[in-house]
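**Student:** give me a model of this one.
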Amino acid sequence: MYSHHVTTIAVVLVSYGFERYANFGLVVFMLHDISDIPLDALKLFNLLHLEGPPSMYLSEAAYVILMHIWSYCRLYIFPLYVIYYGVWGSLYLKKSPKGNLYWCKAMELGLPLHQNLVSKGKEEIWKNAYVQDCQCCGALICFGLLCVLQCLHLWWTYLLLRIGYRALVLGENRQEIASQEYFEKDDEDERDTDKKKND
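**Tutor:** So this is what the prediction gives:
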């Protein structure tokens, strides 16, 4: 979980550090916030033991809703529209699916923005923006961080599917599953640390 927070904060900082990447930070926040709502509802229902017929299957319904929203936001929109069309497209593709030029290609061709800056004697601003956003660090750092974030999404999807399988298919106790998923790993780490100290 710590790596997710570090990566997300780094994406946001990079998006604000390089002029044309501010939208990526906003989209990352939006996509995460949308799928966090049913995740938090699921955690709440699980802690309150709202499951099965007496509670109108609130935990089960929250899980199904979570998986649909999670899959759509983090496994479809995020990799396709943010990573591929957003960053990769701006670097290596000429035109978007709608037929518009990506901004790096537009900057390379010197379209109206460039002409406007040249007429005002500020061509250096354009050169710096083009180098930072399209040829150097901005896009590559943003692309790398977004790929790390996508790998974390895939890992969490596996964990969520495993929890769902154990709870819904195998019928295991949901509180036991939660305690095993969240607390046993910490206990194992503590035992390993204690063994190393004793050796």
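
**Student:** which residues of this protein fall in helices?
**Tutor:** For the chain, the helices defined by DSSP state H cover 2-17, 22-47, 58-70, 89-92, 103-109, 112-119, 123-130, 137-164, 174-179, 185-198.

**Student:** flag the shaky bits of the protein, pLDDT-wise.
**Tutor:** Applying pLDDT under 70 to the chain flags residues 1, 18-20, 99-118, 120-138, 174-175, 178-179, 181-199.

**Student:** ok, residue 176 - how many residues close by?
**Tutor:** Neighbours of residue 176 under the rule other Cβ atoms under 10 Å: 11. The way it works is simple: take the backbone N, C-alpha and C, and place the C-beta from them, glycine included.

**Student:** distance of it from residue 168?
**Tutor:** Residue 176 is 14 Å from residue 168, where distance means Cβ to Cβ, to the nearest Å.

**Student:** surely residue 21 meets residue 14?
**Tutor:** Yes - counting by Cβ atoms under 8 Å, residue 21 does reach residue 14; the two are 6.4 Å apart.

**Student:** quick check: residue 48 vs residue 62, distance?
**Tutor:** According to Cβ to Cβ, residue 48 and residue 62 sit 11 Å apart.

**Student:** these two - which one has more neighbours?
**Tutor:** residue 62 (22 against 11).

**Student:** verify the stated contact: that one with residue 45.
**Tutor:** Yes - in terms of Cβ under 8 Å, residue 62 counts as a neighbour of residue 45; the distance is 5.3 Å.

**Student:** what touches both of those two?
**Tutor:** Common contact partners of residue 62 and residue 45 (Cβ atoms under 8 Å, 6 or more residues apart in numbering): none.

**Student:** which residues touch the nearest residue to residue 161 once chain neighbours are set aside?
**Tutor:** Spatial nearest neighbour of residue 161, excluding adjacent residues (Cβ to Cβ, 6 or more residues apart in numbering): residue 67 at 7.8 Å. Listed by Cβ under 8 Å, 6+ apart, the contact set of residue 67 reads 160-161, 164.

**Student:** pretty sure residue 77 sits against residue 28.
**Tutor:** No - assessed by Cβ under 8 Å, residue 77 is found out of contact with residue 28, at 10.9 Å.

**Student:** those two: who's more crowded?
**Tutor:** Using other Cβ under 10 Å, the more surrounded residue of residue 77 and residue 28 is residue 28, with 20 against 15.
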